[in-house]
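Participant: dropping a prediction and its sequence here:
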Amino acid sequence: MSQPAGSLRTVLRGLPVLVGAAPEFDPAQAPDDPVDLFVEWLLHAVDSGVAEPHAMTLSTVHAGGDRARPGARVLILKDVDAAGWHFAVSSASRKGAELARNPAVALTFYWAALGRQIRIEGVALPDPPEVTAADFQARSEGARAMVLTGRQSEPYCDPAEIDEALAKAHLEHERSPALVPVEWASYAVRADSVEFWQSDTVRRHRRLRYERAGARWATTLLWP
């Protein structure tokens with residue numbers, strides 16, 4: 001049943017926003033390295049019981065015709081260290097192909113329950129082979145089998161195609177438990193900028209942006 005014109009806008013306008021229990025955040029006390037502050041915020045989200053706090057939106061660039069278009073999807077953060085923010089994908093997927101053509105990416109974390117958002121922009125650099133192998137081996141059996149089909153993002157007509165491909169993949173995995181498919185790729189995002197956003201109910205949000213300046217980071221307070 002169709003809704004009267006404008007009714008959805010009214011419904012959306014009436015939904016509550018910024019209802020999370022915002023923790024204290026004093027930008028003046030922020031550490032020199034954004035990785036340290038990110039880990040602090042992430043562990044606070046974990047301790048606060050935020051569902052899937054390691055879920056993030058990965059944005060890549062798709063070259064379509066005469067113009068570049070962004071594409072986004074939600075992935076899981078695997079680690080954060082001096083090399084950057086780590087994630088893994090299949091190179092056979094659309095996001096894998098986009099990363100191969102253009103490594104510029106953006107990551108977005110949003111924890112509504114805490115009124116916090118983190119935006120990261122940078123370049124996705126391939127991890128060493130041993131990191132990629134360890135990441136793949138740490139995945140669940142079902143997740144590994146799906147990658148071993150080598151067909152992520154391809155179209156299909158019949159669910160039986162997936163059943164058959166998975167059966168072959170499980171058999172392949174049983175025969176070679178240490179197998180790591182060539183399609184699997186782990187990346188570390190070397191950030192150029194990282195922004196931390198803390199919400200405020202009267203919209204006086206606190207925003208702190210880190211920007212890489214050689215071997216150091218420069219920080220800037222941003223207008224809400």
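Facilitator: Received the coordinates, thanks.
Participant: how much space separates Ala113 from Arg212?
Facilitator: 30 Å (Cβ to Cβ, to the nearest Å). To be clear about C-beta, it is placed using only N, CA and C from the backbone, and glycine gets the same treatment.
Participant: ok, Glu52 next?
Facilitator: From Glu52 to Arg212 the distance is 28 Å (Cβ to Cβ).
Participant: likewise for Pro177?
Facilitator: For Pro177, the distance to Arg212 - Cβ to Cβ - is 41 Å.
Participant: of the two, who's got more company?
Facilitator: Remark: of Pro177 and Arg212, Arg212 carries more neighbours, 15 against 10, as counted by other Cβ atoms under 10 Å.
Participant: wait, a helix at the more buried one?
Facilitator: No - going by DSSP: H, G, I helix; E, B strand; the rest coil, the assignment for Arg212 is strand, not a helix.
Participant: now the residue lying closest to it once chain neighbours are set aside, what's its secondary structure?
Facilitator: Spatially, and ignoring its direct neighbours in sequence, Arg212 is nearest to Asp192 (5.2 Å; Cβ to Cβ, 6 or more residues apart in numbering). Secondary structure, three-state DSSP: Asp192 is strand.
Participant: same question, Val202
Facilitator: coil.
Participant: give me the neighbour count for it.
Facilitator: 7.
Participant: tell me how far it lies from Pro224.
Facilitator: Distance from Val202 to Pro224, by Cβ to Cβ: 9 Å.
Participant: count the residues that sit near the residue nearest to Arg212.
Facilitator: For Asp192, using other Cβ under 10 Å, the count is 13.
Participant: so it makes contact with Glu211?
Facilitator: Yes - between Asp192 and Glu211 a contact is recorded at 7.0 Å, counting by Cβ atoms under 8 Å.
Participant: which parts of this protein are helices?
Facilitator: 7-14, 34-47, 94-101, 129-137, 141-148, 159-175 (DSSP state H).
Participant: of all those, which lies closest to Arg69?
Facilitator: helix 94-101 (10.0 Å; Cβ to Cβ).
Participant: now do that closest one, average pLDDT.
Facilitator: For helix 94-101, mean pLDDT is 92.
Participant: cool, and stretch 29-38?
Facilitator: Per-residue scores along stretch 29-38 average to 97.
Participant: then stretch 131-148?
Facilitator: Stretch 131-148 comes out at a mean pLDDT of 93.
Participant: what distance separates the start and the end of it?
Facilitator: Using Cα to Cα, to the nearest Å, one end of stretch 131-148 lies 18 Å from the other.
Participant: what do you get for stretch 53-72?
Facilitator: End-to-end distance (Cα to Cα), stretch 53-72: 18 Å.
Participant: buried residues in that stretch?
Facilitator: The neighbour-count check on stretch 53-72 (16 or more other Cβ atoms under 10 Å) flags Pro53, His54, Met56, Leu58, Ser59, Thr60, Val61 as buried.
Participant: on that earlier part again, so who does the residue nearest to Arg212 touch?
Facilitator: Taking Cβ atoms under 8 Å, 6 or more residues apart in numbering, we find Asp192 in contact with Glu121, Gly122, Val123, Glu211, Arg212.
Participant: so how far is Glu154 from Trp197?
Facilitator: In terms of Cβ to Cβ, Trp197 sits 37 Å off from Glu154.
Participant: and if you look at Phe109?
Facilitator: In this view, Phe109 and Glu154 are 29 Å apart by Cβ to Cβ.
Participant: the more surrounded of the two?
Facilitator: Phe109 (22 against 12).
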